[in-house]
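Participant: Next come a sequence and a model predicted from it.
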Amino acid sequence: AAGVIQSPRHLIKEKRETATLKCYPIPRHDTVYWYQQGPGQDPQFLISFYEKMQSDKGSIPDRFSAQQFSDYHSELNMSSLELGDSALYFCASRILAGGSPDTQYFGPGTRLTVL
Amino acid sequence: TQLLEQSPQFLSIQEGENLTVYCNSSSVFSSLQWYRQEPGEGPVLLVTVVTGGEVKKLKRLTFQFGDARKDSSLHITAAQPGDTGLYLCAGGRGYSTLTFGKGTMLLVSP
């Protein structure tokens, strides 16, 4: 079965640089969530999109922005990177119709390292 | 304030032992998900429970949702080294984002 795809899997950036993370949800899934997970932490919700519109906002810094495109893939844009942005970034998707609407399926994550 | 409290935070056991992980909240959830995560990888969904009192079994794993839908437990029978990982519970309330517990790190030694 198709899963959530994230790219790149690993990314190394310098302070003050920008980064773009991509997420391709499971086909026919209409909602995408972005999470940040620091070492030894649980995933922290950043932002979500439903049908290409922002649906919820969590602890996303103003330096970050995200969008969902017409093909439902999403991109997380991170600017003025700081050392503290080093973390695993996960994308999750879910489908509104059928199954449990609460269930989210996670991608493998992007490990961002800011030097 | 952590809305979902998981316990224990860390568990180290020998192969063949049984264990139970708890996920408790003072809030009601419409569903409870359990995920297992390995280092550097994304959380993998194990099960979703939606009905109060529901019990689901996945091989040696038994999941239960409390009658009041405020708590859940994960019981593993005869643990194996392959069960090692971070177990996360997450509560859902309709179409909003999930609330995660802090996780339980399980280490099963041969």
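Facilitator: Looks like it arrived, so ask away.

Participant: residues contacting A:S59?
Facilitator: By CB atoms under 8 Å, 6 or more residues apart in numbering or on different chains, the contact list for A:S59 reads A:Q36, A:Q44, A:F45, A:L46. Every C-beta, even on glycine, is put in place using the N, C-alpha and C of the backbone.

Participant: Give me the subset of those residues that lies in strands.
Facilitator: Judged by DSSP state E, strands contain the following of the contacts of A:S59: A:Q36, A:Q44, A:F45, A:L46.

Participant: ok, back up a step: which one among the contacts of A:S59 gets closest to A:S86?
Facilitator: A:Q36 (10.1 Å; CB to CB).

Participant: list the contacts for that closest one?
Facilitator: A:Q36 neighbours (CB under 8 Å, 6+ apart): A:P43, A:Q44, A:L46, A:S59, A:A87, A:L88, A:Y89, A:F90.

Participant: repeat that with 6 Å
Facilitator: Listed by CB atoms under 6 Å, 6 or more residues apart in numbering or on different chains, the contact partners of A:Q36 are A:Q44, A:L46, A:A87, A:Y89.

Participant: Throw the residues you listed into JSON lines and include pLDDT, thanks.
Facilitator: Below are these laid out as JSON lines (pLDDT from 0 to 100):
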{"residue": "A:Q44", "pLDDT": "92"}
{"residue": "A:L46", "pLDDT": "95"}
{"residue": "A:A87", "pLDDT": "96"}
{"residue": "A:Y89", "pLDDT": "97"}
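
Participant: Of these, just say which sits nearest to B:L32.
Facilitator: A:Q44 (19.0 Å).

Participant: so how far is A:L83 from the closest residue to that closest one other than its chain neighbours?
Facilitator: With CB to CB, 6 or more residues apart in numbering or on different chains as the criterion, A:Q44 has its nearest non-adjacent residue at 5.0 Å, and that residue is A:Q36. To A:L83, A:Q36 is 14 Å away according to CB to CB, to the nearest Å.

Participant: Now the two most distant members of the contacts of A:S59.
Facilitator: A:Q36 and A:F45 (8.4 Å).

Participant: By proximity to chain A, which residue of chain B wins?
Facilitator: Among the residues of chain B, B:G92 lies closest to chain A, at 2.7 Å counting by CB to the nearest CB.

Participant: Pretty sure that residue sits against A:D102.
Facilitator: Yes: using CB atoms under 6 Å, B:G92 is in contact with A:D102, at 2.7 Å.

Participant: Overlap in contacts, the two.
Facilitator: B:S31.

Participant: ok, the closest residue to chain B within chain A - how many residues close by?
Facilitator: Proximity of chain A to chain B (CB to the nearest CB) peaks at A:D102, 2.7 Å away. Counted with other CB atoms under 10 Å in any protein chain shown, residues neighbouring A:D102 total 22.
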